[in-house]
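**Q** Could you look at this predicted model? Sequence included:
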Amino acid sequence: MTANSVCQRWQDARINGAAKTEPQVVSRAEAPRTLPNICFELKAKVDAFLREQTDDRVLADVQRQVWTSIDVIQEALGRYGLEHLSLSYNGGKDCLVLLVLILACLPDWVSRSTRSTATDPDTAPKSTDTDPPITMSSPVSSPSDSAATPDQPLQAIYIVATHPFAEVEDFVTKSASVYHLDLKRYALPMRPALEAYLKDRPAVKAIFLGTRRTDPHGEHLTHFDPTDEGWPQLMRIHPVIDWHYVEIWAFIRHLQIPFCELYNRGFTSLGGVKDTRPNPALAIGGDGSKFRPAYELRADDEERLGRD
């Protein structure tokens with residue numbers, strides 16, 4: 001397929017530069033949308049948000065955070081190419097924001113890659129003996145097809161919590177389908193899960209994480225950090241490291257991104273059934289039976305009050 005035909009296929013997903021439809025969860029009765037359509041729709045949403053003139057201080061802060069995150073994502077795509085990148089995804093609010101931003105960045109990355117390949121083949125990403133050529137192909141037929149194309153699902157790893165919530169499992173499954181994730185699931189502790197994942201996906205060299213500064217062990221992280229000694233060797237990429245809790249929720253709600261229903265029931269950080277409960281800071285009344293939704297919490301340091 002020629003570079004021009006690829007551009008035309010992606011442009012067909014748009015009308016006058018705007019996405020044809022708004023992103024929404026696909027029902028069983030609807031035909032699934034293609035990955036290019038999903039990416040253009042999310043790009044249109046993010047672009048429209050960044051163009052907004054707002055007097056709301058939180059939204060203005062979110063706009064600045066989005067610009068920074070986009071720069072980090074674009075740098076990661078430039079360094080590694082899509083075939084060497086993965087996303088750590090568990091359906092939580094932070095990695096959901098990161099997923100949306102990554103997919104929104106892909107149309108521009110594809111466009112630059114296509115122009116670069118068309119004008120100067122020497123600047124195109126190089127394949128290895130073990131990796132098939134990077135081509136712009138029709139949708140892949142299975143996750144084992146490893147050509148790094150925009151039509152190929154973003155690689156992702158889901159490390160399942162001990163005693164996972166059914167609501168989390170359901171949301172991960174549905175959202176992975178909607179966003180075309182090539183998701184590998186591991187019910188293992190983090191280190192052996194990463195070791196198993198790299199055996200299954202040996203081309204992966206860097207992984208996007210939704211870690212934020214206020215998370216455990218997040219205080220000293222930067223946008224790019226290699227894994228510690230003794231761990232599987234990967235570059236950890238943290239595009240949302242400096243986002244605040246209220247900014248995460250402002251982005252999700254302003255762009256109307258569907259999220260896990262547990263957040264509507266007072267959960268602010270998702271773990272397992274035995275170590276996670278609704279956040280007591282959101283309790284209504286004194287009996288602990290009703291809670292306000294997660295997005296009504298304001299303080300970063302109260303986010304994990306529902307975690308043991």
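**A** Right, received. Where do you want to start?
**Q** Tell me where the stretch 151-300 of the chain has strands.
**A** Under the criterion DSSP state E, counting those that start in this stretch, the stretch 151-300 of the chain contains strands at 155-159, 182-186, 206-208, 224-226, 235-237, 283-284, 290-291.
**Q** is it true that residue 296 touches residue 282?
**A** Yes: the criterion here is CB atoms under 8 Å, and residue 296 meets it with residue 282 at 6.4 Å. For every residue, glycine as well, the C-beta is placed using N, CA and C.
**Q** if we can go back for a sec, can you say which of the strands of the stretch 151-300 of the chain is nearest to residue 246?
**A** Taking CB to CB, strand 290-291 is the member of the strands of the stretch 151-300 of the chain nearest to residue 246, at 17.5 Å.
**Q** and that closest one, what does it pack onto?
**A** If contacts are counted by 3 or more CB pairs under 8 Å, 6 or more residues apart in numbering; DSSP states H and E, strand 290-291 sits against strand 283-284.
**Q** Run me through the strand neighbours of the strand it packs on, direction for each.
**A** Note on strand 283-284: by DSSP bridges, its sheet partners are strand 290-291 (antiparallel).
**Q** and for the partner strand, what are the contacting residues?
**A** If you take CB atoms under 8 Å, 6 or more residues apart in numbering as the criterion, strand 290-291 is touched by 265-266, 278-279, 282-284.
**Q** Need phi/psi at residue 228.
**A** The phi and psi values for residue 228, taken as degrees, to the nearest 10, are phi -70, psi 160.
**Q** Count the residues that sit near it.
**A** Per other CB atoms under 10 Å, the neighbour tally for residue 228 reads 9.
**Q** Spatially nearest residue to residue 106 (excluding sequence neighbours)?
**A** residue 39 (4.6 Å; CB to CB, 6 or more residues apart in numbering).
**Q** Helices of the protein, start to end?
**A** Ranges of helices in the chain, per DSSP state H, are 3-11, 35-51, 57-80, 93-119, 166-178, 190-200, 245-254.
**Q** With distance to residue 289, mean neighbour count and mean pLDDT added, can I get the ones you listed in TSV?
**A** Formatted as TSV, those follow (distance: least, CB to CB, whole Å; neighbours: other CB atoms under 10 Å; pLDDT from 0 to 100):
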stretch	distance to residue 289	mean neighbour count	mean pLDDT
helix 3-11	50	15	40
helix 35-51	36	19	95
helix 57-80	30	17	98
helix 93-119	24	20	86
helix 166-178	18	17	97
helix 190-200	34	16	97
helix 245-254	23	20	98
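**Q** Which of those helices sits closest to residue 151?
**A** Using CB to CB, the helices of the chain put helix 35-51 closest to residue 151, at 5.6 Å.
**Q** Next up, the contacts around residue 65.
**A** By CB under 8 Å, 6+ apart, the residues touching residue 65 are 240, 242-243, 247, 251.
**Q** farthest pair in these?
**A** Counting by CB to CB, the most remote pair of the contacts of residue 65 is 242 and 251, 13.4 Å apart.
**Q** which strand residues sit across from residue 164 in the sheet?
**A** The partner residues for residue 164, given DSSP bridges, come to residue 272.
**Q** residues in contact with the residue positioned nearest the centre of the chain?
**A** Relative to the mean C-alpha position of the chain, the nearest C-alpha, by CA atoms, centre = their mean, is the one of residue 99, at 1.5 Å. Residue 99 makes contact with 87, 89, 154, 175, 179, 181 under the criterion CB under 8 Å, 6+ apart.
**Q** Same question for residue 90.
**A** Applying CB under 8 Å, 6+ apart to residue 90 gives the contacts 158-161, 168, 172, 270.
**Q** same check, this time on residue 308
**A** Residue 308 neighbours (CB under 8 Å, 6+ apart): 275-276.
**Q** gap between it and residue 272?
**A** Going from residue 308 to residue 272 by CB to CB, to the nearest Å gives 10 Å.
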